[in-house]
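[1] Fold the stuff below for me.
(4 chains)
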There are 2 protein chains.
Amino acid sequence: MPLSEPLVDLVAQRFRVLGEPMRIRLLDLLREGEATVGELQQALGASQQNVSKHLGILHGAGMVTRAKRGTSVVYAITDDSVFDLCEQVCGGIRRQLSDMESILGQPS
Amino acid sequence: MPLSEPLVDLVAQRFRVLGEPMRIRLLDLLREGEATVGELQQALGASQQNVSKHLGILHGAGMVTRAKRGTSVVYAITDDSVFDLCEQVCGGIRRQLSDMESILGQPS
DNA sequence: CACCTCCACAACCGAGTGCTTGTGCTAGCG
DNA sequence: CGCTAGCACAAGCACTCGGTTGTGGAGGTG
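    Numbering: from 1, shown residues only, chains lettered A, B, ... in the order given. Model (predicted):
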């Protein structure tokens, strides 16, 4: 049976959140542990406002947690299952690359 | 160690392809087997050009295969692993919903 | 209290994208 | 050969979105 329309929208919205390189990089940095906005900003070399904006989107999607510690704000991964998604995607990319190489390796 | 920049872009691009409701619906329809553009168009109630365009994007990402059969073009899922991704996302959505309900079910 | 740090929110702009309209091309059919 | 069906490509338009700039507020520090 086909998926319901609202569920389709939710799934698409979730994928769209992960469809930005900077957000992928933020999640990848938070993979090693919690970090403040300043630390992430320095690690990425981006503006503070931009980093904060993307972190807000990730927080709105429930993928990261926000906690105030002193004057700083600490972000952390909510659920490690996000990395399973990235792992599957990386696996798919590797598979396509190997297919490409096997084709290029045997010219007509 | 952090992910390399080109890999981050590839992963984000892949997620972005799945970040459109209509493409999710197309993959969901193809889940039951191969189908022509006209069949998918009728099932979705969308324009033929729009369906063809999204199918082209899915084909460019290597997620569906294209084959000409008579005057029609038949599309099919390339790799079933795409559905594992959707399953994980749906699982995450269900988890968040249950968390929301558990919070709303216990008012302060 | 004055000052600075750290961060989030809002407005703006340029680029990307989804959808529509229009068109051309290929394959079957009488 | 003329005609239709089925599909992909291209241009145009409206919308979304990512990035920058500007600003305000919360929380330490002297």
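[2] pretty sure A:Gln106 belongs to a strand, no?
    No: A:Gln106: not assigned to a strand; according to DSSP: H, G, I helix; E, B strand; the rest coil it is coil.
[3] Determine which residue lies closest to the centroid of chain A.
    Using CA atoms, centre = their mean, the residue of chain A that lies closest to the mean C-alpha position is A:Ile24, 3.2 Å off.
[4] isn't A:Phe15 right up against B:Phe15?
    Yes: judged on CB atoms under 8 Å, A:Phe15 makes contact with B:Phe15 at a distance of 5.1 Å. From N, CA and C alone the C-beta is placed, and that goes for glycine too.
[5] The helix or strand harbouring the residue nearest to the centre of chain A near DNA strand C at all?
    Element membership for A:Ile24, per DSSP states H and E: helix A:21-30. No: among the residues of helix A:21-30, none lie within reach of DNA strand C under CB under 7 Å from any atom of the strand; the closest is 11.4 Å away.
[6] And the strands in chain A?
    Taking DSSP state E as the criterion, chain A contains strands spanning A:35-36, A:64-69, A:72-77.
[7] ok, and the closest non-adjacent residue to A:Ala46?
    Spatially, and ignoring its direct neighbours in sequence, A:Ala46 is nearest to A:Met22 (6.8 Å; CB to CB, 6 or more residues apart in numbering or on different chains).
[8] Now do the buried residues in stretch A:94-108.
    The neighbour-count check on stretch A:94-108 (16 or more other CB atoms under 10 Å in any protein chain shown) flags A:Gln96 as buried.
[9] Run through who's touching it.
    The contact list for stretch A:94-108, computed with CB atoms under 8 Å, 6 or more residues apart in numbering or on different chains, reads B:Gly62, B:Asp79.
[10] Around chain B, pick out the residues from chain A.
    A:2-3, A:5, A:7-21, A:23-25, A:28-29, A:62, A:79, A:81-82, A:84-86, A:88-93, A:95-96 (CB under 8 Å from any CB of the partner chain).
[11] Give me the pLDDT value at A:Ile103.
    Looking at A:Ile103, its pLDDT reads 82.
[12] Show me what the helix holding A:Ile24 is packed up against.
    Packing partners of helix A:21-30 (3 or more CB pairs under 8 Å, 6 or more residues apart in numbering or on different chains; DSSP states H and E): helix A:37-44, helix A:48-60, strand A:64-69, strand A:72-77, helix A:81-104, helix B:5-17.
[13] is DNA strand C contacted by the second one?
    Read that as helix A:48-60. Yes: under the criterion of CB under 7 Å from any atom of the strand, helix A:48-60 makes contact with DNA strand C via A:Gln48, A:Gln49, A:Ser52, A:Lys53, A:Leu55, A:Gly56.
[14] do the first one as well
    Yes: between helix A:37-44 and DNA strand C, judged by CB under 7 Å from any atom of the strand, the touching residues are A:Val37, A:Gly38, A:Gln41.
[15] quick one: contacts for the residue lying closest to the last one once chain neighbours are set aside?
    To tie it back to what came earlier, the one meant is A:Gln41. Counting by CB to CB, 6+ apart, the nearest residue to A:Gln41 once its immediate chain neighbours are dropped is A:Val51, at 4.7 Å. With contacts defined as CB under 8 Å, 6+ apart, the neighbours of A:Val51 are A:Met22, A:Leu26, A:Val37, A:Leu40, A:Gln41, A:Leu44.
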